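Novice: With the input below, show me the fold.
(one chain, ligands or ions: 1)
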Amino acid sequence: MKKKYLIANWKMNKTLDESRDFFKFFLKKALTIPKTQIIFCPPFVGLFDVSNTLSGTEIDVGAQNVYVEESGAFTGEISTKMLKNCGCVWVILGHSERRSIFLEEEKLIRRKLENVLSSGLSPILCIGESIEERKNNYTKTVLHSQLSSALNNLPVDSIENLVIAYEPVWAIGTGMVATPKMILETNNDIKQILTKLNFDNSKIPLIYGGSVNPNNAKDLINIGNVDGFLVGGASLDPDVFYNIYNKF
Ligand code: PGA
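Specialist: Have a look, this model is predicted:
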């Protein structure tokens with residue numbers, strides 16, 4: 001059976017104390033990994049502590065961002081080497097909040113992706129359309145642009161550990177989850193685009209993100225082409241997050 005992914009994107013939430021409290025409760029739960037690969041992505045300052053807390057478990061740690069250079073005069077930035085040194089295995093790239101609030105363009109996301117791949121870290125590449133783009137039937141065009149700018153001409157074996165997260169921008173943090181039909185169709189479009197880019201789409205896990213919660217998780221995970229979730233708000237409470245895990 002294909003592996004499923006449950007990824008917690010904590011965004012700019014949780015102090016060290018709050019994060020320790022979370023794991024005090026979460027790690028008491030019955031977690032039958034490797035059924036599902038759980039990955040926690042705390043803020044940068046929490047990475048080292050979370051990966052120490054999780055050492056000896058099968059749960060991975062990921063960062064929410066990274067810069068393209070190894071070291072040097074880049075005030076406020078973090079390198080892949082630093083992430084690896086903190087026990088980090090994954091990096092979220094191209095999240096819509098990075099694209100819209102921090103003005104990250106496709107070119108920069110491509111450079112970040114190349115840097116992450118060459119560092120040996122595994123990327124979680126986020127793509128998704130805005131509500132205007134969906135209303136105007138531009139969803140496939142936008143996804144094509146985001147995927148081709150990030151992945152075009154990359155050697156197939158270099159993206160072995162890539163996970164793609166389809167996150168409609170209008171569904172993120174709004175409670176407006178995409179319908180199963182919409183996700184099924186869009187994921188099929190994404191698979192078609194990947195084939196056009198010369199990748200074997202069956203080898204690339206495709207997860208969904210956008211207002212996932214314990215009430216909709218069952219229907220969403222049963223969609224034939226969804227390999228897991230990227231969860232924001234509902235990953236902040238150990239009981240709520242565990243209830244999502246339990247729907248897999
Ligand atoms: P949400 O966020 O679950 O709060 O909608 C998802 C995400 O931004 O990855």
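Novice: and the residue of the protein nearest the ligand?
Specialist: Residue nearest to the ligand within the chain (C-beta to the nearest ligand atom): residue 232, separated by 2.4 Å. Where you see a C-beta, it was placed from the backbone N, CA and C, and this is true even at glycine.
Novice: Could you tell me how many residues sit around the nearest residue to that residue once chain neighbours are set aside?
Specialist: Nearest in space to residue 232, with sequence neighbours left out and distances taken as C-beta to C-beta, 6 or more residues apart in numbering, is residue 9 at 5.0 Å. Taking other C-beta atoms under 10 Å as the neighbour definition, residue 9 ends up with a count of 27.
Novice: So for residue 9, what's the pLDDT?
Specialist: Residue-level confidence at residue 9 comes out at 98, pLDDT.
Novice: Quick check on it: phi, psi?
Specialist: Note on residue 9: its backbone torsions stand at phi -100, psi 100 [degrees, to the nearest 10].
Novice: ok, now residue 216?
Specialist: Torsion angles, degrees, to the nearest 10, at residue 216: phi -100, psi -10.
Novice: re earlier: mind listing what the residue of the chain closest to the ligand touches?
Specialist: If a contact means C-beta atoms under 8 Å, 6 or more residues apart in numbering, then residue 232 has 9, 10, 11, 172, 173, 209 as its contacts.
Novice: Residue 53 falls within a helix, correct?
Specialist: Yes. Remark: residue 53 belongs to a helix, assigned using DSSP: H, G, I helix; E, B strand; the rest coil.
Novice: just to revisit the earlier point, so which of the contacts of residue 232 reach the ligand?
Specialist: 9, 172, 173, 209 (C-beta under 6 Å from any ligand atom).
Novice: Could you check which helix or strand contains the residue most central in space within the chain?
Specialist: Taking C-alpha atoms, centre = their mean as the criterion, residue 124 is the residue nearest the geometric centre of the chain, at 4.4 Å. Using DSSP states H and E, the secondary-structure element containing residue 124 is strand 122-127.
Novice: and if you look at residue 114?
Specialist: Assigned by DSSP H and E, residue 114 belongs to helix 106-119.
Novice: repeat for residue 37
Specialist: Counting by DSSP H and E, the element that carries residue 37 is strand 36-41.
Novice: Now do that strand against strand 122-127, angle only.
Specialist: Per axes from the mean of the first three to the mean of the last three C-alpha atoms, to 10 degrees, the angle that strand 36-41 makes with strand 122-127 is 80 degrees.
Novice: how far away is the residue lying farthest from the centre of the chain from residue 67?
Specialist: With C-alpha atoms, centre = their mean as the measure, the chain has its most outlying C-alpha, relative to the mean C-alpha position, at residue 73: 28.2 Å. Distance from residue 73 to residue 67, counting by C-beta to C-beta, to the nearest Å: 12 Å.
Novice: For residue 168, see how far away residue 223 is.
Specialist: 14 Å.
Novice: what about these two, which has more around it?
Specialist: Just comparing residue 223 and residue 168: by other C-beta under 10 Å the higher neighbour count belongs to residue 168, 26 against 17.
Novice: Nearest spatial neighbour of residue 5, chain-adjacent residues omitted?
Specialist: Once chain neighbours are set aside, the closest to residue 5 by C-beta to C-beta, 6+ apart is residue 228, at 3.4 Å.
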